[in-house]
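Enquirer: Sequence first, then the predicted structure, then my questions.
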Amino acid sequence: MEETFQILAIYLSPGHNFFGRHNESALAHQIVSVPEVACVAGSGLVGDRFFKYKPGYKGQVTFFSSEVFGSLCGDLGVCEKQPAVLRRNVLTRGVDLNTLIGRTFSIQGIVFEGTEECRPCYWMDTALAPGAEAALRGRGGLRARIIEGGTLRVDG
């Protein structure tokens, strides 16, 4: 079933800032906003740190809700940060991402399988603001696999 929500932004990062760095400081790999990205079935987003990470990886692409980001920033009193700091790939509007867990769905002709919540970790308190990890529990975004690829574009 084709979903009707909006794609507001697409973010890629060639390296990991937090992944596998417990008890160490974050690295400084930038996240880049792009107008479109090639989504490769079974592999992920071309140019992203998780591209071809491992076969069947549950987080080939991550989605995050702009509505959740706005609510989170309001709750934490944050106004100077952008959604990119959370290091999710696709910023959406108009969908409860948790409803896509365990479902196959398509956007712009690309077929995804929602695998699980993109659970927040303690790094969120550093990346966004103290309290972000707790505030994001149950609404941290969606991890998905790419079943049928194509080019995903920011909605104009």
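Expert: The structure has been received and is ready for your questions.
Enquirer: Low-confidence stretches in this structure?
Expert: 1, 15-29 (pLDDT under 70).
Enquirer: where's Val37 relative to Ser13, distance?
Expert: Distance of Val37 to Ser13, given as Cβ to Cβ, to the nearest Å: 12 Å. Placement of C-beta: from N, CA and C, glycine included.
Enquirer: In this protein, spot the helix with the most residues.
Expert: Secondary structure of the chain per DSSP state H: the longest helix is helix 66-76.
Enquirer: Residues contacting it, please?
Expert: Applying Cβ atoms under 8 Å, 6 or more residues apart in numbering, the contact partners of helix 66-76 are 8, 78-79, 81, 83, 86, 91-93, 128-132, 135-136, 139, 141.
Enquirer: Where helices are concerned, which of those count?
Expert: Per DSSP H, the subset of the contacts of helix 66-76 in helices is 132, 135-136.
Enquirer: Looking at these, which one is closest to Gly109?
Expert: Leu136 (30.1 Å; Cβ to Cβ).
Enquirer: Burial check on that closest one, number of neighbours?
Expert: For Leu136, the neighbour count with other Cβ atoms under 10 Å is 23.
Enquirer: Good, wrapping up.
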